[in-house]
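Q: Show me how the following folds:
(3 chains)
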Amino acid sequence: MNRYFREISVTAALGLVLLAMAVFAPGFFQPQPLLSLVTREAPTLVVACGMALVIISRQIDISVGSQFSVCSICAGVLAARGWPLAVVGPAAAALGALLGAFNGVLVAGLRLPSIVVTLATMVMLRQGLNLVQQGAFVNLPDRVQWFGLSQAAGQWTLVGAALVLLVIFGLAMRQLATGRWVYAVGTDDEAARLAGIRPQLVTFLVFVLMGLLAGVAATMNIVQSPQVQPAVGSGLELKVIAAVVVGGVAISGGRGNVWGAFAGLLLLACVSPALTHLHVEAYWEKTIQGAIILLAVVADGLRQRKRGEGQA
Amino acid sequence: MSADEHPPAWRKLLFSYESLLLVVLVAEWFFFYRYGTTTNRRGVLVGFGTLDRQFDILRHSCEIGLLALALTPVILTAGIDLSVGSLLGLCAITFGMLWHDGGLSIPVAAALTLGVGALGGGLNAGLITILRLPPLIVTLGTYSLFRGLAEAITHGAVTYTDFPASFLYLGQERWLGLPTQAWLFLLAAVVVWVLVHRTTFGRSFRVIGFSPEGARYAGLPVGRRTALVYVLAGLIAALAALIYTARLGQAKADAGTGYELFAITAVVLGGTSIFGGRGSITGTLLGVAAIAVLKNGLACLPAVIRLNAAEEMSGMLTGALLLLALTGSILPKILSTLRTRRQAG
Amino acid sequence: MRQTTSAPLLRLEGIKKNYGAVRALQGVDFELQAGEVHALLGENGAGKSTLINLITGARRPDAGTLTLAGRPLPGLDPAAARALGIACVHQQPALFAELSVAENIGLRLEAGGAWRRVDWPRREARAAELLQRIGAEFPASRTVRELSMPEQQLVEIACALGVGARIVIMDEPTSSLTRREQEQLYGIVRGLRAAGTGVIYISHRLEEIFALADRVTVLRDGVSVGTHAVAAVTEPELIRLMVGREVSQLYPPAESAPGAAVLELRGVGCRAAGMHGVSCTVHAGEVFGLAGLVGAGRTELARTLFGLTPADAGEILLHGRRIHPRSPPEAVALGIAYVPEDRRRHGIVLEMPVAHNLTMAVHPRLFPGAWLRFGAEQALARESLRDLAVKCPGPDALGGSLSGGNQQKVSLARWLATRPKLLILDEPTQGVDVGAKSEIHRIIRRLARDGLAVIMISSDLPEVLGMSDRIGVMRGGTLAAVLPGKSDPHTVMAAALGQSS
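A: Numbering: from 1, shown residues only, chains lettered A, B, ... in the order given. Take a look at the predicted model:
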């Protein structure tokens, strides 16, 4: 019971927020806007799964927003050129995986700190994209919209796909040996090496997977609107890290799971429209996001302190 | 690549890395001089080689330089502060608001702004030292919080302008031949250099960076010293905000966006280890100079001007430079590991 | 007495290993038979850890051959070593703190690729069975982070058992075990031997080697200086082989009577550390030994006095004045010094020069106004190094380049520079070679003679008996008894265990 305390408390908080909304802003629960909200968040959920893995393995990746932007624009460009979605999707995923591999080589191969590496790649990708696109949007052909299906069908497909991915990751992290290796590496990579695991390979693959998921999320994103802007991924990394951390994944590694990240994401996703319904302006978003990250980390920190000083 | 205060045996190594950096800096400068300076139709020299441009470089480097100075002690303690750029923005807005909306005089508003900077640093310090939270996630949170507060206060739209000329003097005029803010930066650099290299504070920063538990068991006041570096960083960010506002003549919520990359790159380029313990202020200053020359030199190259890609190019190259500097710093370790790995075969 | 068969289970020939410029092993031959307990003895820096790393595949030799049951093993890595049945129980268990005991055992024991499904029920059942076999009392579902150090070692032993290892290496396994756990361990080792496993047993405790081992190999300065049957060799001979010269095992005698009371504890307790009701007095010029089993509260008492875990009950008086050290800086200002047990992590900073380490505790006095004075620093450093006869190239040598014994001396010198009123030593000669050990003992005696009040925590009973003027025995978080220095070892042990007689 104690083991899943964090995930349960986040879910409880989510329940409370939904309850509060039901009482104070029942307009939130209209089916169509709610479905749209959830669909908009579907790509974010995919990215959050990847980020959960990254943080559990004791790393961090703040370049994921730029990866998302680059993959989105590329996917958009390919789609605009007439490529079928069945090809564009994997292409975007492959591009994302490549970008992730670059991070992976530096962090796992050269043992450089991931915060600084991904800070550098984040800026390089963003500025590189700016250089090429000069801020121009990419217009998408109509057939791309909602996979060519009706809006409702497209939305349910996206939500379904994200949930399927969530379940796959949730199970894999618990039942698959490689999943457990991520936890082992995130706890103590030297002990992992002595246990016969290859921590560098695991770390590398985690970053590749992160990039791949960013690419998949990019495809899921472009089918939702007629245009792609280059700044589409702006702020994504912070949003996802906040969701994951709120959901109980510890920055120190080795703890947490994607279910908690899911609950955290839903919680944060509700905050924004809740604020709108409460007539709070949009420019408070960053403040609230930052405050939520801090509160979640403080809560974890206080719980740790109560558990005791620990060794030495 | 160790850089301590005074170890005679290490002096050679110290000299060799920073000398190399100096050489690279000079080469870089000459490169931009050669390719970034032209004569216009009237036969006047324009571009990189002009005194005006050089002073511009000096002006621009003061803000990032101050942030790099602020970050060096933080990184020496094996910490990190991602929020300095956002705090700069928040302080700039606070200053504008205190002066414009609050009606306070410039000196009073400036003093209060420094206080706000210290408070922001204090928030980081409190969370990191009292609650023992990881600096990475704390400053990631405050990175968002400070910027968010700046945006919220200005409703995302307001810009403060029309500062009095006496204030703008700080950022746009010269004093004794150099841009005014350069003197302020020099003062700050001297103070931080003394702090890091000649006081027990600096020594304890290094010990904390190498081994926080070791520092505790040695009776060093770890909590106080760690708090000091973050509060100091906040204070310096506030100073940078004042200079920024004076230079641009306006205070906006997006002030300082993206500065953290340049500041961290300058620090790492200057030889300070991201893992803590090793580093020097002179190295950081050289790193700042290298980055400032790069940023401004790029804006003078004809090709870059034609593409209107100054900001993009400087961002990309600085990112690449950071990666190269990091790789370079751990290269000795990798080479020796490969050598032993090959021997063991 | 086992018969030695002609073909050894494990053989190392001509093994050489360098770490950069350090020549750790320079041509070592070693052999292990099946069904024997082969002890490995040597001073710190003699090469024991390196040899073990090579056998477990954590490192590769630069030269020489490793043969297992006649088969050479050129490219050994940890996974291959495990597969071949080589298991190691480390001094500091390398377990995953955030994962459960069952998962830790599972990760070590389970073979198989990356894509297999984890069978949790089977994992947990297997772990529970192994834990029961070694008499561990905690459940397999407990997170390792919640286990004490001895319990973590038991998990490592469970792994070794579970692997069905042919070769089990034990690296100082009893250093943090209680007496009862030690006896359990001896039983397990004898059981392994009976089952035909080869056990390599590293220990500094000679009485353990004589009780348990069949043969002993002594390493000195990276070479093997002799392999003998334990029955055919004596303790002085072993020490001579280790050190290369005759070393007396006698401790320096006490030369002065204790003076005034320096430290007085009245019912001192710290709930968080599980300590309560500690009352005693320590005098100037006295070596007050602190004995007791691991976990009895000795280090906890030291940490409370030093301000790391401040007291929340009782009174502490220093020279008659009530004090309440709430942090190490406060304790230092009061004149309390603590030389910690873990010298590499807490005692010195490996990456900094010896001079910086030596002056680290005296910044307020040596550098008034927070201004560094390099001349004064170098002077103090040289004086300290001379005073304690530390072997090092100079004050600018890095801490990490010194041997264990010299690091311990630097750690001690750092605190002596503070001119403390009370000096607390926590396992001052643990992991230190015999030569440096007696030097440190002489230094401690000299300090006491010069009027310092010394509390010496030690798990080495002969050391406690040989060095102390009085012995405080901790048990269950409190001071159970204060005995005279020349007590019978059984009396001390009885007090530590809580038995009468």
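
Q: Can you tell me how far residue B:260 is from residue A:47?
A: For residue B:260, the distance to residue A:47 (CB to CB, to the nearest Å) stands at 22 Å. To be clear about C-beta, it is placed using only N, CA and C from the backbone, and glycine gets the same treatment.

Q: ok, the two, which is more surrounded?
A: Taking neighbours as other CB atoms under 10 Å in any protein chain shown, residue B:260 and residue A:47 compare with residue A:47 leading, 31 against 25.

Q: who are the neighbours in contact with that one?
A: Applying CB atoms under 8 Å, 6 or more residues apart in numbering or on different chains, we find residue A:47 in contact with A:64, A:68, A:213, A:214, A:217, A:236, A:240.

Q: Farthest-apart pair in those, please.
A: Spatial extent of the contacts of residue A:47 (CB to CB) is set by the pair A:213 and A:236 at 11.8 Å.

Q: For these two, indicate the residue with more neighbours.
A: Neighbour count, other CB under 10 Å: between residue A:213 and residue A:236, residue A:213 has more, with 28 against 24.

Q: what sits against residue B:135?
A: Contact analysis of residue B:135 by CB under 8 Å, 6+ apart lists B:74, B:79, B:80, B:81, B:124, B:128.

Q: ok, the second one - how many residues close by?
A: Translated: residue B:79. Residue B:79 has 25 neighbours, counted by other CB under 10 Å.

Q: One more: the third one?
A: Residue B:80 has 24 neighbouring residues, counting by other CB under 10 Å.

Q: Spell out the secondary structure type for it.
A: Here residue B:80 is recorded as coil under DSSP: H, G, I helix; E, B strand; the rest coil.

Q: confidence score at it?
A: With respect to pLDDT, residue B:80 scores 95.

Q: cool, the last one as well?
A: Reading off the confidence values, residue B:128 has pLDDT 96.

Q: ok, it touching residue B:79?
A: Yes: with contacts counted by CB atoms under 8 Å, residue B:128 reaches residue B:79, the gap being 7.0 Å.

Q: which residues does whichever residue of the stretch 101-250 of chain C sits closest to chain B contact?
A: Across the stretch 101-250 of chain C, the shortest distance to chain B (CB to the nearest CB) belongs to residue C:145, at 15.8 Å. By CB under 8 Å, 6+ apart, the contact list for residue C:145 reads C:97, C:98.

Q: And the pLDDT for residue 129?
A: Answering for chain A, as no chain was given. pLDDT at residue A:129 comes out at 94.

Q: um, chain C though
A: 89.

Q: Can you verify it is assigned to a strand?
A: No: counting by three-state DSSP, one finds residue C:129 to be helix, located in no strand.

Q: Residues of the stretch 1-150 of chain C that sit close to chain A?
A: Residues of the stretch 1-150 of chain C lying close to chain A by CB under 8 Å from any CB of the partner chain are C:56, C:58, C:78-79, C:82, C:94-99, C:103, C:107-108, C:110, C:112-118.

Q: Where do the helices of the chain begin and end?
A: Unless you meant another one, I'm taking chain A. With DSSP state H, the ranges of helices along chain A come out as A:5-24, A:31-56, A:64-80, A:85-104, A:114-133, A:151-175, A:177-187, A:189-194, A:199-222, A:236-246, A:258-277, A:285-307.

Q: could you do chain B instead?
A: Along chain B, counting by DSSP H, helices occupy B:11-36, B:51-76, B:84-100, B:106-125, B:135-153, B:165-172, B:180-198, B:200-210, B:212-217, B:222-248, B:259-269, B:281-298, B:302-307, B:310-344.
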